[in-house]
Each structure stands twice: as structure tokens, then as C-alpha cells.
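In: Quick one: sequence plus predicted model below, questions after.
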Amino acid sequence: MTTFRQASQWLVLLLAVAALAACGAAPDAGSAGSAPAGEQAGIDDAIIQEALPAGGEDAQARLAASPRHGEWAVVRTDAGDSVRVWVVYPERPDPAPVVLVVHEIFGLSHWVRAVADQLAAEGFIAIAPDLLTMQNIPVGADGAPDADAARAAIGQLQRADIHRQLLAVAEYGMSLPAATDRYGIVGYCWGGTVSFTHAIESPGLDAAVVYYGTSPATEELGAIQAPVLGLYGGNDARVNTTIAPAAEAMQALGKSFEYEIYVGAGHGFLRQQDGADGANLAATREAWPRTIAFFREHLEQ
């Protein structure tokens, strides 16, 4: 089995073990040579966490420790503007599909780059575009975009420009010598909304994953060709009220829209994994393997 699948296999196995333990399976206290239960749980938790994206607080450390090759590049568009992108390559012997990673309202943060790195760990060429490249957002002492400035500027972006730039980035990604001709997109919060909308704007898209982003207007959904997966926190009514209308419309149109709402988890659960009294981490442990399986199903062809 290729190395980029090993972390996911460990995650599935360990979550299954954890489920059995929760159902009442007890360790044999007298077994010779077995590790204490707490110590074993700590080891298992560490392995599971390594197979998940970093939380917001751990992103820089995970990036610094990554064995994968990441680099900055600039993609120029046919309209004369450009997009700065963070590209991370997987360690695999054959060409890889491309996944665009669309940032939150806070801009291209270290956390978003760490998510891209984790996608590369799973075998994809991950490209995180800075959709605020042309806005000259100041950076803080840690090198990340100033969150307040990013939030103010992002509301000024035009939909046509966003998707024109994303298409240019996708074409750039698929033109890389190590890439295949298939691409997907995943986004978070504002980026989740962009991801769903990109399925409308790009007939060449192969798969879209939406993390807690609002759904497009139902009258636009007929243009979608790619399958869409939506992953949402249960405590996020602002976003979640847009799910059912989209699901009903997609079903009526014969389009593929799978979704899951994780009870107790909040908006932004993948970044805030230590929040909501454990519900955010529980949601992350279910949502991330589903994301990887979805992309493998639709991009690895």
C-alpha cells in the first residue's frame, strides 16, 4: 500500500478501536507486556491527530515539521492580474490529482496552508490560492495576513473575479508535470461558500467539498456538474438554514449533494478543534476521513 494512504488507514482502525472501547470493551489488566490504558490511549490519540489537519494553534509547528515539499508560486491570469499560491506536493511515484484549498474570511493563514499540507500527505497536489493577492493586505509579526484587514477586503471581492482566478489556478495546477487532469476544491467558512459556488462556475470541476459555507441560490444549482459534499457543525443555524433548500433542489435536478451535520460542533470546527467541549474534535475525526474518501472516489480515476 502506498505511503500516503497509511495515515488514513491508521485513523480508520483507531477510531474503530475507540468505538469498541466506548461500547464497554475493557482491557485485560493482567495481560503481561501490555501498556497501561492511559498510555496506550495517548499513543493512539497522537497517531490519530497526525492523520488530521492541524488545529489553529498547531498549524505553524506542523508546517515546520512537514517532510513534504511546499513552495510559493504566482499564477498570472488572462485578465492581467495574478494570484499568489502555496503549492504542496505529495510523496508518491505517479501523477496526482489537484485540490484547491480556499481560505476563510481571514485570508491565506498558516492554518489554511497546514490543511493543504495534510491534503498532500494524502496524495494530492494541494494548492491554496491567496484570493486577496491584489488587495495588498498587511501581514502581522507571524507572517500571516492581518485578520481585520483581510475581513474588510474580502467583502469587496467580485464573484466573477474570484472564479476566474480559481480557474486560472486550477489550470496551472493541472499543467504541472506531476499532476493529472482532474481537480477538486475544498473551502472553509467564506471559502466553503466559494467552493459550492465554484461548482456552478466551473463545468470542468470534478468534486467540491464545502465546510460550513452557505449554499448558493437554488435557481443557480442546475449548472452544477460535479458531485458536492457538505460538512457542517450542528450549532451553526446561520449556515445550516441554507442546506435543506439546496439539498431538495439538487435532488430534484438529479445532482449529487451529500451532507452531514455534526451534532454539538460549531462553525469553524476543523480549525477550532479544541472547542465545543470535544464536539469539534469529534466532528473533525469524522469529517476529514470522509473528505479524503470523497476526493479519492472522484479524482483518482
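Out: Noted; the coordinates are in hand. Numbers count the residues shown, from 1 in each chain.
In: How many residues are close by Asp206?
Out: Here the count is done by other Cβ atoms under 10 Å, and Asp206 has 23 residues near it. Just so you know, the C-beta spots here come from the backbone N, C-alpha and C atoms, and that holds for glycine as well.
In: And the pLDDT at it?
Out: Per-residue pLDDT puts Asp206 at 98.
In: May I have the predicted confidence score for the spatially closest residue to it that is not a sequence neighbour?
Out: Among residues not flanking Asp206 along the chain, Arg182 sits closest, at 4.8 Å (Cβ to Cβ, 6 or more residues apart in numbering). Arg182 is assigned 98 on the pLDDT scale.
In: now swap in Pro36 and tell me
Out: We have a pLDDT of 43 for Pro36.
In: what do you get for the one 5 residues further on?
Out: As predicted, Ala41 sits at a pLDDT of 52.
In: likewise Asp142?
Out: Asp142 is given a pLDDT of 88.
In: mind listing what it touches?
Out: Applying Cβ atoms under 8 Å, 6 or more residues apart in numbering to Asp142 gives the contacts Gln60, His110.
In: which SSE is it in?
Out: Under DSSP states H and E, no helix or strand contains Asp142.
In: Gly230 now?
Out: Taking DSSP H and E as the definition, one finds Gly230 inside strand 228-235.
In: mind exporting that strand as CSV, just the C-alpha atoms?
Out: Coordinates of each C-alpha in strand 228-235 appear next as CSV, following Å, rounded to 0.1, in the frame of the first residue of the first chain:
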residue,chain,number,x,y,z
VAL,A,228,-20.7,18.1,-3.8
LEU,A,229,-20.1,17.1,-0.2
GLY,A,230,-21.2,19.4,2.6
LEU,A,231,-19.9,19.2,6.2
TYR,A,232,-21.5,21.3,8.9
GLY,A,233,-21.5,22.0,12.6
GLY,A,234,-24.8,21.4,14.3
ASN,A,235,-24.6,24.8,16.2
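In: pLDDT (mean, whole number) over the biggest helix by length in the chain?
Out: Of all segments of type helix in the chain, defined using DSSP state H, the longest is helix 279-299. Predicted confidence along helix 279-299 averages 98 (mean pLDDT).
In: what distance separates the strand holding Gly230 from the centre of its chain?
Out: 12 Å (Cα atoms, centre = their mean, to the nearest Å).
In: Can you list the neighbours in contact with the next helix or strand after it?
Out: Using DSSP H and E, the next helix or strand after strand 228-235 towards the C-terminus is helix 237-240. Helix 237-240 is contacted from outside by Tyr212, Gly213, Thr214, Tyr232, Gly234, Ile261, His267, using Cβ under 8 Å, 6+ apart.
In: How many residues are close by the nearest residue to Ile292 once chain neighbours are set aside?
Out: Spatial nearest neighbour of Ile292, excluding adjacent residues (Cβ to Cβ, 6+ apart): Glu122 at 5.0 Å. When neighbours are defined as other Cβ under 10 Å, Glu122 has 24 of them.
In: quick one: contacts for the residue lying closest to Pro245 once chain neighbours are set aside?
Out: Nearest residue to Pro245, sequence neighbours excluded (Cβ to Cβ, 6+ apart): Thr218, at 5.4 Å. Under the criterion of Cβ under 8 Å, 6+ apart, the neighbours of Thr218 are Pro245, Ala246, Glu248, Ala249.
In: Could you single out the nearest of these to Gln273?
Out: Ala246 (26.3 Å; Cβ to Cβ).
In: Relative to Glu220, how far out is the closest one?
Out: Separation of Ala246 from Glu220 (Cβ to Cβ, to the nearest Å): 10 Å.
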